[in-house]
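**Student:** after the sequence you'll find the predicted model.
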Amino acid sequence: MSKLIIEGGSKLKGEIDVQGAKNSALPVLAATLLGNDISVIHNCPKLSDVDAAVRILEHLGCRIQREQDTLVVDARNVDGFTIPESLMREMRSSIVFLGAIISRMKKAVLSTPGGCELGPRPIDLHLDALKKLGVLIEDEHGFLRCQVKDKIRGTKISLSFPSVGATENILLACVLGEGTTTIYNAAQEPEIVDLANYLNRRGANINGAGKSVITVTGVSSLHQAEHWVIPDRIVATTYLCGSVITGGEVCVHKVNTGDLQGVLTVLEQTGAQIRQGNDFVLLKMEGRPCAVKTIRTMPYPGFPTDAQAPVMAALSIAQGTSIFVENIFESRYKHSVELNRMGADIKLEGKVAVCTGVPKLTGATVHAEDLRGGAALVLAGLNAQGITIVKNIYHIDRGYEKIEADFGNLGAHISRVDE
Ligand code: EPZ
């Protein structure tokens, strides 16, 4: 097990390129199953979650090579239709492979994904939608046995919640189905648009991705296409929060600033000076940030739930009190307990967190409990007086390619040590 050791107090200064988006790479890798060909996926971040996706594809019969940040996926000999429980447990978002496996193999067997650190992660929206598309699903003793008797038939699907994963599974299941599928209340995240762009480049017929109504007209087959995964908007947010919490000046490059507007609206309220172009954001912070009255996490294009923890870390040293309302996940404030161990003043009341800023944090030994909460603890360590040790950083490695190298290049005193 590794840990990060951080000596706080340095102002972050400099420029950094942002990695490809984990939450786009995963569904795009699932989509490589939808053709008897070789897919070339660029800007694929080197993450443990991407490694898990690669293991799933290899288990199904794909041959995969990594060349720097490019993955070459040979899906010509796919013959598997099961995801072993070990792999399902390793990464709950493996559920996004279900639609692609069913589309390719007309059947699938996998264990229901466990909950995760963010609370129960139900998949009822995924399964209800797949059943409407003609998939027979038996849920017995934690295993899902899925079968398409005849073929996937297009239909109208109205999601009670704009679930990102359910929207992705529906797209992956119906692009090669018969007829037209219309998804109402679809997720509008940029990762949905990226997946749809990749599928359309391969010959799919998807209209409306990025809006709340998506229409898919099934096609008989998909052809080869290269793809460049979009930049990771949450990693970009994390680095900008590093500038806020250290009173620094950081420019993040290779970002799609259009994807960051929900976050930038909040960061502007901290008093940060923000300059943005098409593919960069410069954030300069003089002194302590101002508190932000209320931050509600919402489906895109609202303020993203994945940004809640990093922004809470940044506002833990703000002048004034910020109120967070976490509307997406049941249990996404675990980082607040650890931040309070570092001198923060965060009180929880159900889905509300009241964050009263303190002048400075103090170093402590803290434990990452989930991916974005772990990143928040690293941010807190950058500010804290003295030494902070962040443990269980395997959570962070799921989503950040090289967090200590990136912050180190910006002037932070941070190192990774194997315990
Ligand atoms: C995706 O998770 C992301 N993961 C999450 O990022 C992100 O926080 C989330 O979308 C929201 O933006 C990936 O893309 C791999 P949802 P997903 O389905 O698809 C409920 C990170 O840190 N729900 O939109 O699982 C669910 O319980 C991760 O990178 C149902 O009730 O999110 C949750 O409360 C964390 N039934 C809400 O909807 C369902 O069938 C949002 O879930 C599905 C979801």
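**Tutor:** Thanks, I have it.
**Student:** please count neighbours and contacts with C-alpha atoms only from this point.
**Tutor:** Noted.
**Student:** and for residue 195, nearest residue in space, chain neighbours not counted?
**Tutor:** residue 28 (5.7 Å; Cα to Cα, 6 or more residues apart in numbering).
**Student:** could you count how many residues lie near that neighbour?
**Tutor:** Number of residues near residue 28 (other Cα atoms under 10 Å) recorded here: 29.
**Student:** not counting whichever strand or helix holds it itself, show me its contacts.
**Tutor:** Take DSSP states H and E as the rule and residue 28 turns out to sit in helix 22-31. By Cα atoms under 8 Å, 6 or more residues apart in numbering, the residues outside helix 22-31 that reach it are 41, 44-45, 47, 49-50, 53-54, 57, 96-97, 100, 168, 172, 191-192, 194-195, 198-199, 229-230, 232, 399.
**Student:** got it, and stretch 194-209?
**Tutor:** 24, 27-28, 31, 168, 171, 175-176, 188, 192-193, 214-219, 221-225, 227, 229-230.
**Student:** and the end-to-end length of that stretch?
**Tutor:** For stretch 194-209, the separation between the terminal residues is 9 Å (Cα to Cα, to the nearest Å).
**Student:** could you shift the numbering so residue one becomes 27, and keep it that way?
**Tutor:** Right, with 27 as the first residue, what we last looked at is stretch 220-235.
**Student:** could you give me the average pLDDT of that stretch?
**Tutor:** Per-residue pLDDT over stretch 220-235 has a mean of 98.
**Student:** hang on, the earlier thing: what pLDDT does the residue nearest to residue 221 get?
**Tutor:** For residue 54, pLDDT reads 98.
**Student:** the ligand contacts on the protein?
**Tutor:** 49, 119, 147-152, 189-192, 331-332, 354-355, 397-398 (Cα under 6 Å from any ligand atom).
**Student:** same thing but at 8 Å, please
**Tutor:** 48-50, 52-53, 118-119, 144-153, 187-192, 213, 215, 217, 260, 325-326, 330-332, 353-356, 396-398, 425 (Cα under 8 Å from any ligand atom).
**Student:** ChimeraX command for the buried members of those?
**Tutor:** Selecting only the buried entries of the residues of the chain next to the ligand in ChimeraX, with 16 or more other Cα atoms under 10 Å as the criterion:
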select :48,49,50,52,53,118,119,144,147,151,152,153,188,189,190,191,192,213,215,217,260,325,326,330,331,332,354,396,397,398,425
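**Student:** returning to what we had before: list only those of the contacts of helix 48-57 flagged as buried.
**Tutor:** Buried among the contacts of helix 48-57 (16+ other Cα under 10 Å): 67, 70-71, 73, 75-76, 79-80, 83, 122-123, 126, 194, 198, 217-218, 220-221, 224-225, 255-256, 258, 425.
**Student:** take these and keep only those in strands.
**Tutor:** Judged by DSSP state E, the buried ones among the contacts of helix 48-57 include residue 67 as members of strands.
**Student:** burial of residue 72, as a residue count?
**Tutor:** 21.
**Student:** pull the contacting residues for it.
**Tutor:** By Cα under 8 Å, 6+ apart, the residues touching residue 72 are 95, 427.
**Student:** got a pLDDT number for it?
**Tutor:** 97.
**Student:** tell me how far it lies from residue 45.
**Tutor:** Note on residue 72: its distance to residue 45, by Cα to Cα, is 9 Å.
**Student:** need the residues touching each of these two.
**Tutor:** Residues touching both residue 72 and residue 45 (Cα under 8 Å, 6+ apart): residue 427.
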